[in-house]
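*Asks:* pasted the sequence and its predicted model underneath.
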Amino acid sequence: MITFLYYIYQICIGLPIFLVLTILTCVIIVVGCWLGDGNFWGYWPGKIWSRLTCVLFLLPVRVTGREHIRPGTSYVFIANHQGAFDIFLIYGYLNRNFKWMLKKSLRKLPFVGKACEAAGFIFVDKSSPRKVVETIRSAERILQGGTSMVVFPEGWRTFTGRMNEFKKGAFLMADQLQLPVIPITIDGAFEVLPRTAKLLHWHPLRMTIHPAIPPQGKGHLEELMATSYAVIESGLPERHRDTSAAHTQG
């Protein structure tokens with residue numbers, strides 16, 4: 001009965017309000033970044049939108065490990081990708097100004113694509129080596145003065161709750177720019193909205209921020225990927241771990 005009432009609530013109340021909030025947030029980001037400080041308008045409206053979304057859908061959030069983030073330091077944050085609510089959890093509760101590293105195809109999303117572009121998020125174009133170099137150079141210009149970057153190195157949401165293989169892009173960027181990497185474990189987003197579901201299920205959300213992995217000098221890419229994967233997986237419940245899976249790929 002409670003599950004049925006939650007479905008009715010999100011269809012009749014939650015989703016309509018969420019759509020209005022999303023469009024309004026995108027408009028505020030685009031206009032704000034056009035008029036003024038992109039670091040402010042590219043972050044705070046999205047943070048408020050994300051927190052309101054979690055509150056709107058009655059999802060409790062628990063965050064641990066914020067003490068591992070030092071003020072004024074730029075990081076590459078990497079997180080597992082359980083579901084759509086990973087975005088709201090990180091954007092709303094990391095409490096750190098950052099830019100998303102996104103697939104180029106997301107530029108085409110109505111409203112959201114324009115807002116991401118206005119906010120200065122980094123769109124990855126892997127169509128040629130030259131485009132990859134341009135992406136790294138764009139990141140280098142942006143990641144200054146404590147502004148950080150958040151990446152889902154799996155590249156897509158899991159179908160099973162277990163982590164997919166990591167791709168090299170984010171780690172290559174951290175290696176080239178010699179930035180510390182902070183692994184983040186997301187737990188609960190798969191239960192809230194798995195990739196194949198249409199409606200939300202009530203479930204607590206948890207985000208664990210792990211200690212930073214400092215740069216070791218260039219050329220330690222595979223080691224960085226393997227360590228990051230193991231750290232993130234260590235924060236997941238047993239049912240979402242798969243120690244037999246390959247962790248990295250090109």
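*Replies:* Thanks, I have it.

*Asks:* would you mark the buried spots in stretch 104-115?
*Replies:* Phe111, Val112, Gly113, Ala115 (16 or more other CB atoms under 10 Å). The C-beta positions use only the backbone N, C-alpha and C, and glycine is treated the same way.

*Asks:* mind putting these into JSON lines with pLDDT and distance to Arg239?
*Replies:* Putting the buried residues of stretch 104-115 into JSON lines (pLDDT from 0 to 100; distance: CB to CB, whole Å) gives the following:
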{"residue": "Phe111", "pLDDT": "87", "distance to Arg239": "36"}
{"residue": "Val112", "pLDDT": "88", "distance to Arg239": "32"}
{"residue": "Gly113", "pLDDT": "88", "distance to Arg239": "35"}
{"residue": "Ala115", "pLDDT": "92", "distance to Arg239": "35"}
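
*Asks:* nearest to Ser228 among the residues you listed?
*Replies:* Val112 (27.3 Å; CB to CB).

*Asks:* tell me the secondary structure for Phe123?
*Replies:* At Phe123 the chain is in strand, as set by DSSP: H, G, I helix; E, B strand; the rest coil.

*Asks:* any idea of the pLDDT on it?
*Replies:* pLDDT, Phe123: 82.

*Asks:* packing partners of the worst-scoring helix or strand of the chain on mean pLDDT?
*Replies:* Scoring the helices and strands of the chain by mean pLDDT, DSSP states H and E places helix 129-142 at the bottom, with a mean of 72. Counting contacts by 3 or more CB pairs under 8 Å, 6 or more residues apart in numbering; DSSP states H and E, helix 129-142 is packed against strand 122-124, helix 169-177.

*Asks:* what does that helix contact?
*Replies:* 99, 101, 120, 122-126, 149, 169, 172-173, 176-177 (CB atoms under 8 Å, 6 or more residues apart in numbering).

*Asks:* among the residues you listed, which one has the lowest pLDDT?
*Replies:* Sorting the contacts of helix 129-142 by pLDDT puts Lys126 at the bottom of the list (66).
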